[in-house]
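Visitor: Provided below are the primary sequence and the corresponding predicted coordinates.
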Amino acid sequence: MAQQSTIPAFCLEYWQNKAVEWGQATTLASQQDVCLHLQQLKDFLQQIFQKLQHMNTTAAIKTFPLVGQLLGRLCWNPCVVADEESQRTLLQCLWCLYSAEPQNAIELKANDWIQSLIRHLISDSETENNSFIQILGYTSEEYHSNVVKCMVSSLVTELRESCCNGIHMPKRFTPDRLHSLSVFCIPLVTCSEAAPLIEALLTCCESGSGETLSADFLKAVGTALLQKKIGLQETVIIGLWLRYLPSLENVTLHLIETVVSIPHFSPQEMESLINDSLLPKASARHPHIFMIVDTIFRNILLESDGNLLVQTLMQMFTRSFIQALLFGEAQDKPPLKAFFPHNPQPLLMALLKHPSDVPSQVWPQHLLCIVETLKVAVEDKDNGGSQRGLFENWFLLVHCGDWVDIAAQQLIASKAETSEALLWLLAFYHHPNNENQQRTKLLAVARKVCDHLKVLFSSTTLSLSHLQTSLDLAEANSEESGSKYLFNQLFLNFLLFSAGGQVIAKDAVHLMTHGNLLNGISAMLAGAEHRLNSYGLMDYKAHRTLKLLQEHLKRKA
């Protein structure tokens, strides 16, 4: 190997020859020679970087034809890459050569080459038997983990010092350069060691003239988060959703698809899924996020003709959202009206009050208050009586469907005369677009079913034949799914809370779940389980019947 000597200050050819001579530093002699020349190499690379950062890719390659070969060979030399300063400068040079928007074949080819170099640097497949790494006492995996950590650390330091100092942005951190760096970092997105760099890019201040970071980078980060291949701080994830809405939409759709595809989630499992998605917390902090998530829920609900699993998901999301809103940071907390701008304030306050915050003996009065307020909002021709107003208030009722569940229970279990108001609430919930004549007919049938069930409520010697009259009546008036859901909600509450319901529960549910109603029954049972567990209803018989029905439905699915 050549001895240390005076080297021309800027001689690409000399260092190119050196890089060829060293190869991948597989011999002790080549490793010693790299170490001997390392400081001069670092000075030389810094000079190259100073020149490259003022050129585009095409100009740089024409001016320094050997620069690509030199940088490529050095990236494959573990002795060079192991030095943090050398690695940082190599990355800076590669970054300068990367084109965020390639204009010609040369720049396209350069981008592919740089991406392959980055993949090499973060992969440990090529260095399994490298003697230099063995001398350092590292395994191949440990060595590459450290390489990535050093790479990330140097880039994060530069970003934090230069990009977000609030005073000026050096030339290499112009919006174009930040865009290039974000594209440059796409191969690193799924590396756990790269999380600080991803966070630094996502929190780097905006230029004010539109999105600085590459859409492909933002998409890659969103996909990696969705697939749980990277972990980022909550504030960074929420920041990503605010600047790249497709990532927020994908998370919401993924949550809905997960719940709908596995209908037998317990309320606890569904609540865990919802909270893990971070959507309730993000929605509580940013009305804009809530509006987008809510719009997706609405569209899916309408497209699925009021799918009860989607309704159940909306209700559980709303519970978590309200919790996050109540117990979040008090500073700059948005008012409720910011999230529900089209609903009357009295209705909003009545529905969003959680049932557990209202004594059970006061539930009947509170339900009557909800019905009266809702009727005014729906039938007010100057405000809520429009089609939009009707559906805005129906969506709010779906969000707060716990009160509808309680109304169904009250209708069956109460010894008082069947309440027209509570029947109207159930009819509106399951059939919001019914005309007056249709609703009047549905209410009349529902009242007959309800009155019949109330007569049987205290009987301990029930048989399926006792229910047959009500089942036949419901079947004859269930042309639409909404009507079937209404009658099934009454029947389920009867089976859960009546004295003899447990005896006929399985046979009755078998008759209720023909067609495509199985998932709807599962959703209603999930709501009942939440109600029994959360509202202090210590009804052990109802708990036993509930478990019996859930196990029966799982076997039937």
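Guide: Structure received.

Visitor: C-alpha from now on. contacts and neighbour counts both.
Guide: Fine.

Visitor: mind checking how far stretch 407-416 is from the chain centre?
Guide: Distance of stretch 407-416 from the chain centroid (CA atoms, centre = their mean, to the nearest Å) equals 38 Å.

Visitor: Now do that stretch: everything it contacts.
Guide: Residues outside stretch 407-416 that contact it (CA atoms under 8 Å, 6 or more residues apart in numbering): 364, 367, 418-419, 422-423, 425-426, 450, 453-454, 457, 489-490, 493-494, 497-498.

Visitor: same thing but at 7 Å, please
Guide: With CA atoms under 7 Å, 6 or more residues apart in numbering as the test, stretch 407-416 has contacts from 418, 419, 422, 450, 453, 454, 489, 490, 493, 494, 497.

Visitor: Can you tell me the closest non-neighbouring residue to the second one?
Guide: Residue nearest to residue 419 in three dimensions, not counting chain neighbours: residue 411, with 6.8 Å by CA to CA, 6 or more residues apart in numbering.

Visitor: try the third one
Guide: Leaving aside its chain neighbours, residue 422 sits nearest to residue 407 (5.9 Å; criterion: CA to CA, 6+ apart).

Visitor: Could you do residue 424 as well?
Guide: In space, and not counting its chain neighbours, residue 424 is closest to residue 443: 6.9 Å by CA to CA, 6+ apart.

Visitor: how much space is there between the one you found and residue 472?
Guide: 16 Å (CA to CA, to the nearest Å).

Visitor: quick one: which of those two has more around it?
Guide: residue 443 (18 against 11; other CA atoms under 10 Å).

Visitor: ok, the more buried one - contacts?
Guide: By CA under 7 Å, 6+ apart, the residues touching residue 443 are 423, 424, 427.

Visitor: on that earlier part again, quick one: pLDDT of the residue nearest to residue 424?
Guide: Note on residue 443: pLDDT of 90.

Visitor: what helix or strand is it on?
Guide: Element membership for residue 443, per DSSP states H and E: helix 436-456.

Visitor: Let me know the helix or strand that the residue nearest to residue 478 when sequence neighbours are not counted is in.
Guide: Of all residues not flanking residue 478 in the chain, residue 484 sits nearest, at 5.2 Å (CA to CA, 6+ apart). Assigned by DSSP H and E, residue 484 belongs to helix 481-497.

Visitor: same for that helix, what does it pack against?
Guide: helix 402-413, helix 420-430, helix 501-512, helix 540-556 (3 or more CA pairs under 7 Å, 6 or more residues apart in numbering; DSSP states H and E).

Visitor: Export those to a markdown table and append columns for distance to residue 22 and mean pLDDT.
Guide: Putting these into a markdown table (distance: least, CA to CA, whole Å; pLDDT from 0 to 100) gives the following:
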| stretch | distance to residue 22 | mean pLDDT |
| --- | --- | --- |
| helix 402-413 | 72 | 93 |
| helix 420-430 | 76 | 93 |
| helix 501-512 | 77 | 82 |
| helix 540-556 | 66 | 83 |
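
Visitor: Any regions of the stretch 351-500 of the chain where pLDDT drops low?
Guide: Along the stretch 351-500 of the chain, the model assigns pLDDT under 70 to residues 380-386, 481.

Visitor: Please state the offset of the helix or strand where residue 50 lies from the chain centre?
Guide: Using DSSP H and E, residue 50 maps to helix 28-52. Per CA atoms, centre = their mean, the displacement of helix 28-52 from the mean C-alpha position of its chain is 46 Å.

Visitor: tell me which residues in the helix or strand just after the helix holding residue 443 are buried?
Guide: Note on helix 436-456: by DSSP H and E, the next helix or strand toward the C-terminus is helix 464-476. For helix 464-476, the neighbour count (16 or more other CA atoms under 10 Å) marks 467, 470, 471, 474 as buried.

Visitor: Appreciated, that's everything.
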